[in-house]
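Asks: What shape does this take:
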Amino acid sequence: MAQTVIEGVTVLPGGGRPAIPDAVVTLDADGRVTDIVEGVAPADVLLVPGGVDLHLDNLVERRRPRATVSLDYEAVISVLDVECAAAGIATVCVAARCEESPRKGIAIADATVLAAVIEKLAPFLCCDWRIHARVELTDENSVDALRAVLASSSRVALISMIETSVERSRFSSLAATRAFYSQDWGVTEAEVEEVFTVDPVRLSRTADRREEVAALALAHDIVLATHDDRTTEHIEQGFDHGARVAEFPLTMEAARRADELGMTVVLGAPNAVRGRSTSAGNLLAADAVAAGVCDVLCSDYLPSALQSAPHALARDGSMQLSSAIDLISSNPAAVLGLPKATIEVGTRLTASLRRVEPATHVGIALWRDGRLVFGRESRPFRIMPAAV
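Replies: Residues are numbered from 1 along each chain as shown. Got it, this is the predicted structure:
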């Protein structure tokens, strides 16, 4: 029977366990870890649990590399898949935006198209691709779009509720909202204000849509999340509707309340890597981690940030690396009901082999459920098929 031997690695096994230096890891023909031997070969690279990304939302930018160019989802996903694999992400929940907003570059019909593309391509991709259905509660057609997404794909893993309005903006003032999004969307500040200024009648209907979205999540046994909550009341509202994930709470008070309620608190890995949010004055991932009220980091808009974030948190003293790695692997895996994302004898390997430099990470290989799905040659290590 053949086996694979990975030499010269430091293993970060996950589950809060300490690193295993200078290790040799042996896999059987099914990719199951049969042995981890410490102190054998000099360690030049890391073997870390494969990332589980609950929220990747960068398709608008990827589909429009130029103002006059719009790429098909098939072309974008097939290439983004390789980027995510190199970034050490085993499972990707990509955002399907259930909203119509031309100023943002979003067409509501695209959510269903994306869901169908993921359903079609998933068996052939490196990563395990899932759908994160992001529902805009101020859009009158968003719930119908969610139903269409659910009908088009069996891979919807997470549903989140977001309300784009002045009252629920992730910025503390309308002026800050206008300034940021006018640059982000390439529109005037007046147009931004039009998007966020929702008339009272339309705003009043968000309560009914929140109920409908919650009912659909429950009926399909899909995890429900609330998004961009600034106050404890916002958190409690989501919780009362069945949300058990709080994505991007904007204040420490909101994060603490979510934690008290037993919700999983998700913040952005780019926030941890950059040491700041894209929204001035909002909660920093490092502060939330240090306070014990951040459970998961997601890539948000930058796949490369996911595996880099635990190292950034360890460098600034917010958390030990052996535990910080769980923020991007075991903890989000538990949210989705996936097997425990750790490296240990007796389990099929789901892990990324990485060279870690102070300024950057280089993904060398990715195994998913025992299969080598991405790899490139690199001198610091050897993967050796051998006869037993």
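Asks: alpha carbons only for contacts and neighbour counts from here, please
Replies: Noted.
Asks: distance between stretch 138-157 and the chain's centre?
Replies: The chain centroid and the centroid of stretch 138-157 are separated by 19 Å under Cα atoms, centre = their mean, to the nearest Å.
Asks: Can you mark which positions in it are buried?
Replies: Going by neighbour count (16 or more other Cα atoms under 10 Å), the buried part of stretch 138-157 is 138-139, 141-143, 145-146, 148-150, 152-153, 155-157.
Asks: can you dump the C-alpha coordinates of that stretch into CSV?
Replies: In CSV, the C-alpha atoms belonging to stretch 138-157 read as follows (Å, rounded to 0.1, in the frame of the first residue of the first chain):
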residue,chain,number,x,y,z
THR,A,138,-34.8,46.6,2.6
ASP,A,139,-35.2,45.1,-0.9
GLU,A,140,-38.7,44.0,-1.7
ASN,A,141,-37.6,41.1,-3.9
SER,A,142,-34.8,39.8,-1.6
VAL,A,143,-36.9,37.0,0.0
ASP,A,144,-38.0,35.7,-3.5
ALA,A,145,-34.3,35.8,-4.5
LEU,A,146,-33.4,33.7,-1.4
ARG,A,147,-36.1,31.2,-2.4
ALA,A,148,-34.6,31.0,-5.9
VAL,A,149,-31.1,30.5,-4.5
LEU,A,150,-32.4,27.7,-2.2
ALA,A,151,-34.1,26.0,-5.2
SER,A,152,-31.0,26.3,-7.4
SER,A,153,-28.4,24.9,-5.1
SER,A,154,-28.0,22.2,-2.4
ARG,A,155,-24.9,24.0,-1.1
VAL,A,156,-26.4,26.9,0.9
ALA,A,157,-24.6,26.7,4.2
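Asks: Mind listing residues that contact that stretch?
Replies: For stretch 138-157, the surrounding residues in contact (Cα atoms under 8 Å, 6 or more residues apart in numbering) are 93, 98-100, 108-109, 111-112, 115-116, 118-119, 129-133, 135-136, 163-165, 198, 202-203, 205-206, 209, 212-213, 222-223, 336.
Asks: What separation do you get for T264 and G88?
Replies: 22 Å (Cα to Cα, to the nearest Å).
Asks: So the two - more neighbours on which side?
Replies: Shown here are T264 and G88; by other Cα atoms under 10 Å, G88 has more neighbours (35 against 22).
Asks: Next, that one: phi, psi?
Replies: phi 80, psi 30 (degrees, to the nearest 10).
Asks: Please name the nearest non-neighbouring residue to it.
Replies: S352 (5.0 Å; Cα to Cα, 6 or more residues apart in numbering).
Asks: Run through the strands of the stretch 151-300 of the chain in chain order.
Replies: Using DSSP state E, counting those that start in this stretch, the strands of the stretch 151-300 of the chain run over 156-162, 223-227, 245-247, 264-268, 296-298.
Asks: To G363, which of the ones you listed lies closest?
Replies: Among the strands of the stretch 151-300 of the chain, the nearest to G363 by Cα to Cα is strand 296-298 (17.7 Å).
Asks: Next SSE downstream of the closest one?
Replies: As assigned by DSSP states H and E, the chain's next helix or strand after strand 296-298 is helix 305-315.
Asks: packing partners for that following helix?
Replies: On a contact count with 3 or more Cα pairs under 8 Å, 6 or more residues apart in numbering; DSSP states H and E, helix 305-315 meets strand 51-56, helix 269-274, strand 296-298, helix 321-324.
Asks: at 7 Å what do you get?
Replies: For helix 305-315, the helices and strands in contact under the criterion 3 or more Cα pairs under 7 Å, 6 or more residues apart in numbering; DSSP states H and E are helix 269-274, helix 321-324.
Asks: Among those, show me which one is buried the most.
Replies: Across these, averaging neighbours per residue (mean count of other Cα atoms under 10 Å) puts helix 269-274 on top, at a mean of 23.
Asks: Only the C-alpha atoms, please, for that one, written as CSV.
Replies: The C-alpha trace of helix 269-274 is given here as CSV (Å, rounded to 0.1, in the frame of the first residue of the first chain):
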residue,chain,number,x,y,z
ALA,A,269,-9.5,38.5,9.1
PRO,A,270,-8.4,41.6,7.2
ASN,A,271,-9.3,43.6,10.3
ALA,A,272,-6.9,41.4,12.3
VAL,A,273,-4.1,41.6,9.7
ARG,A,274,-4.4,45.4,9.1
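Asks: if we can go back for a sec, SS state for the residue nearest to G88?
Replies: Of the three states, S352 takes strand under DSSP: H, G, I helix; E, B strand; the rest coil.
Asks: That one against G51, yeah?
Replies: No - assessed by Cα atoms under 7 Å, S352 is found out of contact with G51, at 8.1 Å.
Asks: which of those two has more neighbours?
Replies: Neighbour tally, S352 and G51, criterion other Cα under 10 Å: the higher count belongs to G51, 33 against 28.
Asks: so V345 makes contact with D28?
Replies: No - using Cα under 7 Å, V345 makes no contact with D28, being 10.8 Å away.
Asks: Give me the more crowded residue out of these two.
Replies: D28 (19 against 15).
Asks: can you list residues touching both of V345 and D28?
Replies: Common contacts of V345 and D28 (Cα atoms under 7 Å, 6 or more residues apart in numbering): T34.
Asks: did I read that right, S318 in a helix?
Replies: No - read with three-state DSSP, S318 is coil and lies in no helix.
Asks: Apart from its neighbours in sequence, what residue is nearest it?
Replies: A290 (4.9 Å).
Asks: surely the one you found meets Q320?
Replies: No - look at A290 against Q320 with Cα under 7 Å: they stay out of range, at 10.4 Å.
Asks: sorry, back to before: just put the helices and strands packed on helix 305-315 in JSON lines and tack on distance to L71 and mean pLDDT.
Replies: Shown next, in JSON lines, are these (distance: least, Cα to Cα, whole Å; pLDDT from 0 to 100):
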{"stretch": "helix 269-274", "distance to L71": "25", "mean pLDDT": "95"}
{"stretch": "helix 321-324", "distance to L71": "36", "mean pLDDT": "95"}
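Asks: Can you lay out those as JSON lines showing distance to V82?
Replies: Below are the helices and strands packed on helix 305-315 laid out as JSON lines (distance: least, Cα to Cα, whole Å):
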{"stretch": "helix 269-274", "distance to V82": "19"}
{"stretch": "helix 321-324", "distance to V82": "25"}
